[in-house]
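Colleague: Provided below are the primary sequence and the corresponding predicted coordinates.
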Amino acid sequence: MTKANGRKSIFITGAASGMGLETARLFHAKGWFIGGCDVNSAGLKALEAELGAENCIVQTLDVTDRLAYRAALAAFAETTDGKMDILYNNAGIGRGGPFADQTFEDIMAVVNVNFVGVLIGIHEAIQYLKATPGSLCFTTSSSSATFGMPGIAVYSATKHAVKGLTEALSVEFKAFGVRVADVLPGLIDTPLLPPGAVENAPKDGIFRAIPPSDVAQTVWQAYGSDVLHWYVPPELVEMDRAGTMDPEAMREQLAANSLFGKASADQNS
């Protein structure tokens, strides 16, 4: 008898905090077996203590290390009879600032964790998803994938890449019976945010601060749905449409309301 004991299972990266942690808690409450990975080993130990060792397998993992990712998935599969109902690619980092001022090391760190790590995860996990009827490949994108955002240009670019990959694979993986979807969260109250971001956020509207548990609920809803893109909050879909229909207007709006656009205007005056 395997450790999962026939339960449905979810493999979560970035599981030690924020959206990943809340997703692990929710699916545990629903009776699922949890695979939790993160670079934060202390957070993983706390997660294991909270859920119970019989209900999860936690592993320290750098998602940019392909061989380590492969080994983590294999260890998870040993506990689930080779099945995986959901792969949740959630691990991510955020390093912002003006693109011209960023170090190339910071730029590549964001690319490697936020996109290459997703590519590795999906490529290595597809065998388990294919072996599981009704499985879902789910990834955290971002509201910054609705239009390229100044100040977080590279982060935004990686999330656009995730969104495009999700769309393409949602077509390809139909042949395997594997669904593919993503979530585009707005301002989520997680450790990824800089200090003061939540406190200074508007109390309502599209850029209000959202608890990470709302994203966890979205992952749960996505498992029972065929929806491709999930927006948290839902109003973000209008921003996505606006940026697609009139990108020049969106560009001018962002320039008028950002320090970067104002700086450019000052330099040209």
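Modeller: Now that the structure is in, tell me what you want to look at.
Colleague: wait, is residue 10 part of a helix?
Modeller: No. Under DSSP: H, G, I helix; E, B strand; the rest coil, residue 10 falls outside any helix and is assigned strand.
Colleague: Once you drop chain neighbours, what's closest to it?
Modeller: Of all residues not flanking residue 10 in the chain, residue 86 sits nearest, at 4.1 Å (CB to CB, 6 or more residues apart in numbering). For the C-beta atoms, the positions are set from N, CA and C on the backbone; glycine is no exception.
Colleague: Please report phi then psi for that neighbour.
Modeller: Main-chain torsions, residue 86, degrees, to the nearest 10: phi -140, psi 130.
Colleague: my read: it touches residue 132, true?
Modeller: No. Counting by CB atoms under 8 Å, residue 86 stays clear of residue 132, with 9.0 Å between them.
Colleague: contacting residues around residue 159?
Modeller: Applying CB atoms under 8 Å, 6 or more residues apart in numbering to residue 159 gives the contacts 114, 141, 142, 144, 145, 184.
Colleague: Just the ones of those in helices?
Modeller: Among the contacts of residue 159, none falls in helices (DSSP state H).
Colleague: re earlier: now list whatever residues contact both of residue 86 and residue 132.
Modeller: Shared contacts of residue 86 and residue 132 (CB under 8 Å, 6+ apart): none.
Colleague: quick one, which of the two is more surrounded?
Modeller: More crowded of residue 86 and residue 132, by other CB atoms under 10 Å: residue 86, with 25 against 20.
Colleague: For that one, give the beta-bridge partners.
Modeller: Assessed by DSSP bridges, residue 86 has beta-bridge partners residue 10, residue 136.
Colleague: so where's the stretch 151-269 of the chain uncertain?
Modeller: The model of the stretch 151-269 of the chain has pLDDT under 70 over residues 191-201, 258-269.
Colleague: before we move on, the earlier item: quick one: contacts for the residue nearest to residue 10?
Modeller: Residue 86 neighbours (CB under 8 Å, 6+ apart): 9, 10, 11, 27, 135, 136, 137, 138, 219, 223.
Colleague: Not counting its neighbours along the chain, what's nearest the fourth one?
Modeller: The reference is to residue 27. Nearest residue to residue 27 in three dimensions, chain neighbours excluded: residue 10, at 5.1 Å (CB to CB, 6+ apart).
Colleague: how close does the one you found get to residue 229?
Modeller: Distance, residue 10 to residue 229, using CB to CB, to the nearest Å: 20 Å.
Colleague: in the protein, which spans are helices?
Modeller: Counting by DSSP H, the helices of the chain are 18-29, 41-51, 66-79, 104-111, 117-130, 153-172, 212-223, 236-245, 247-257, 259-268.
Colleague: Quick one: those helices as CSV, columns for distance to residue 203 too.
Modeller: Formatted as CSV, these follow (distance: least, CB to CB, whole Å):
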stretch, distance to residue 203
helix 18-29, 21
helix 41-51, 29
helix 66-79, 40
helix 104-111, 30
helix 117-130, 33
helix 153-172, 25
helix 212-223, 16
helix 236-245, 17
helix 247-257, 19
helix 259-268, 23
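Colleague: ok so, going back, which of the contacts of residue 159 fall in strands?
Modeller: Members of these lying in strands (criterion: DSSP state E): residue 184.
Colleague: could the contacts of residue 159 go into a markdown table alongside neighbour count?
Modeller: As requested, the contacts of residue 159 are arranged in a markdown table below (neighbours: other CB atoms under 10 Å):
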| residue | neighbour count |
| --- | --- |
| 114 | 27 |
| 141 | 28 |
| 142 | 25 |
| 144 | 22 |
| 145 | 25 |
| 184 | 24 |
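Colleague: among the contacts of residue 159, which two are most distant?
Modeller: 114 and 184 (13.6 Å; CB to CB).
Colleague: thinking again about what came up before, you'd agree the residue nearest to residue 27 is up against residue 23?
Modeller: Yes. Residue 10 sits in contact with residue 23 when judged by CB under 8 Å, with a separation of 7.4 Å.
Colleague: What's the separation between residue 240 and residue 222?
Modeller: Per CB to CB, residue 240 is found 17 Å from residue 222.
Colleague: what's the distance between residue 154 and residue 89?
Modeller: 18 Å.
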